[in-house]
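Following is a predicted model, sequence given first.
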Amino acid sequence: MAKAKVGDTVRVHYIGTLDDGTVFDSSMGREPLEFTLGENEVIPGFEEAVVGMEPGERKSVTIPADEAYGPYYEDMVLTVDRSEFPPDLELEVGQRLQVRQADGYVFAVTVTDITDDEVTLDANHPLAGEDLTFAIELVEIL
């Protein structure tokens, strides 16, 4: 039977969990995830785990934070004056926003705290600093 190799387009089912067992993402109940090995369409550790698998094979792999979404950086947390936001914008903790810098660069942030005067924003990826465990099943090689 063929094994998945760089350049192959594959379809996989997966369940992603954190160290405490919390499921952060899953393809169950949806179409399998389709991507091409070697095209950097998924995090490197996930892609590396699929290389060498055969259709129908299942495996579990833990990807350290550095090979997933990177470390968590405290300096990517910023506090902004509430007046910097439109007055009609209803903010909620956990809300994802897009912020545009003066140079036009747009990036995503998560609202982590709100007071009457300030809003705390976290520009880290929500899974930064987390080791990720994936249960992977290679459904097919296209």
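Here it is on my side, so go on. Numbering: from 1, shown residues only.

Please name the nearest non-neighbouring residue to residue 119.
Setting aside the residues directly before and after it, residue 119 is nearest to residue 80 in space (Cβ to Cβ, 6 or more residues apart in numbering), at 5.2 Å. Every residue, glycine included, has its C-beta placed from N, CA and C.

quick one: the one you found from residue 96, how far?
Counting by Cβ to Cβ, to the nearest Å, the separation of residue 80 from residue 96 is 15 Å.

now do residue 131
23 Å.

which one of those two has more residues nearby?
residue 131 (15 against 9; other Cβ atoms under 10 Å).

Quick check: phi and psi at the more buried one.
phi -80, psi 140 (degrees, to the nearest 10).

In terms of pLDDT, where does it sit?
Looking at residue 131, its pLDDT reads 97.

what's the answer for residue 54, then?
With respect to pLDDT, residue 54 has a value of 98.

what's the answer for the one 3 residues further on, then?
Per-residue confidence at residue 57 stands at 98 (pLDDT).

Over to residue 83: give its phi and psi.
The phi and psi values for residue 83, taken as degrees, to the nearest 10, are phi -70, psi -10.

Neighbours of it, how many?
Residue 83 has 10 nearby residues by other Cβ under 10 Å.

Over to residue 85?
With neighbours defined by other Cβ under 10 Å, the count for residue 85 comes to 15.

same question, residue 117
Neighbour number of residue 117 under other Cβ under 10 Å is 9.

now swap in residue 59 and tell me
Residues near residue 59, counting by other Cβ under 10 Å: 13.

quick one, what contacts the residue lying closest to it once chain neighbours are set aside?
In this structure, residue 59 finds its nearest non-sequential neighbour in residue 136, 5.6 Å apart by Cβ to Cβ, 6+ apart. The contact partners of residue 136, by Cβ atoms under 8 Å, 6 or more residues apart in numbering, come to 12, 13, 14, 46, 49, 50, 53, 58, 59, 60, 61.
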